[in-house]
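**Q** A predicted structure for the sequence below; I have some questions about it.
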Amino acid sequence: MRVVLVGPPGAGKGTQAQFIASHLSIPKISTGDIFRANVSGGTELGKLAKEYMDRGDLVPDEVTVAMVRDRLSEDDAQEGFLLDGFPRNVPQAEVLKKMLAEFGTGLDVVLNLVVEDDEVVRRLAGRRTCRSCGKVWHVVFDPPTVEGVCDACGGELFQRDDDREETIRRRLEVYQEQTAPLISFYADEGILQGVDATGPVEEITQRAMSALRRFAD
Ligand code: ADP
Ligand code: ADP
């Protein structure tokens, strides 16, 4: 299956993406994770992306699209994929549609994770990420056993630079202006499914899987 996850920053896209991708045996492709790996690896792409990420703005489309094109051309993405964080605006969605048409295929479904604003801010403000394995925790909603230490790998947890209050505000504005229009774009394409993304993580995964099954039939 070829699936896109959309939703505001902090909706739980990354959290859900890992479970959904593993249920469907498809790779999870997160543009945010790829940018962050480039930032910590000190690559040219990372240096360029960091400037935008730290402000809470989108990295320019041509850079992002080229990166996604490369990733979707890899062998493991030929039978399906779950995109998390891409597309992020209507021009990216249009390019993705063309790109997949060139590959002779298209998206099956777009899951829209629906969460109210206050909850999104609570989730972002308490998010902690593992420096070693990238696993995401939350200081209140999903705390590790030992504060600041990843249960999965023993790595150090840190707060993303863009999860600070001022940048959070900017990212939410960018979401409203640029990303939210994707909802009607994909509704018009007839492939949008809303998923209530409040409540326990496992329940949300079950809702997402039910929505996907409706499209798989
Ligand atoms: P996104 O990728 O959409 O930005 P994340 O998956 O990183 O969102 O989740 C944002 C924060 O919210 C993380 O700290 C995560 O642990 C927490 N979180 C994710 N799902 C839930 C949930 N269902 N209830 C409470 N907190 C959640
Ligand atoms: P979140 O999990 O909070 O939704 P991401 O990890 O997806 O955030 O993205 C972090 C940052 O990386 C974004 O604020 C943006 O600067 C950059 N980024 C990620 N995906 C894209 C994209 N598709 N287009 C442009 N910039 C992106």
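**A** Nice, I can see it. Please read all numbers here as calculations on a predicted model, not as lab measurements. Ligands and ions are numbered 1, 2, ... in the order given.

**Q** so where is this protein shaky, pLDDT-wise?
**A** Under the criterion pLDDT under 70, the flagged ranges of the chain are 217.

**Q** helix or strand for Met99, which one?
**A** With the criterion set as DSSP states H and E, the secondary-structure element containing Met99 is helix 90-102.

**Q** Name the strands paired with the helix or strand that that helix is followed by and say parallel or antiparallel.
**A** From helix 90-102 onward toward the C-terminus, using DSSP H and E, the following helix or strand is strand 109-114. Here the strand partners of strand 109-114, with direction, are listed using DSSP bridges: strand 2-6 (parallel), strand 192-196 (parallel).

**Q** Columns mean neighbour count and distance to Lys47 on top of the ones you listed, output as a markdown table?
**A** In this view, the C-beta of every residue, glycine as well, is placed from N, C-alpha and C. Formatted as a markdown table, the entries for the strands paired with strand 109-114 read as follows, by neighbours: other Cβ atoms under 10 Å; distance: least, Cβ to Cβ, whole Å:
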| stretch | mean neighbour count | distance to Lys47 |
| --- | --- | --- |
| strand 2-6 | 25 | 27 |
| strand 192-196 | 17 | 36 |
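
**Q** near ligand 1 at all, stretch 42-59?
**A** No. Stretch 42-59 is not in contact with ligand 1 by Cβ under 6 Å from any ligand atom; minimum separation 12.5 Å.

**Q** Quick one: closest of the strands paired with strand 109-114 to ligand 2.
**A** When the strands paired with strand 109-114 are ranked by proximity to ligand 2, the top entry is strand 2-6, at 9.6 Å, counting by Cβ to the nearest ligand atom.
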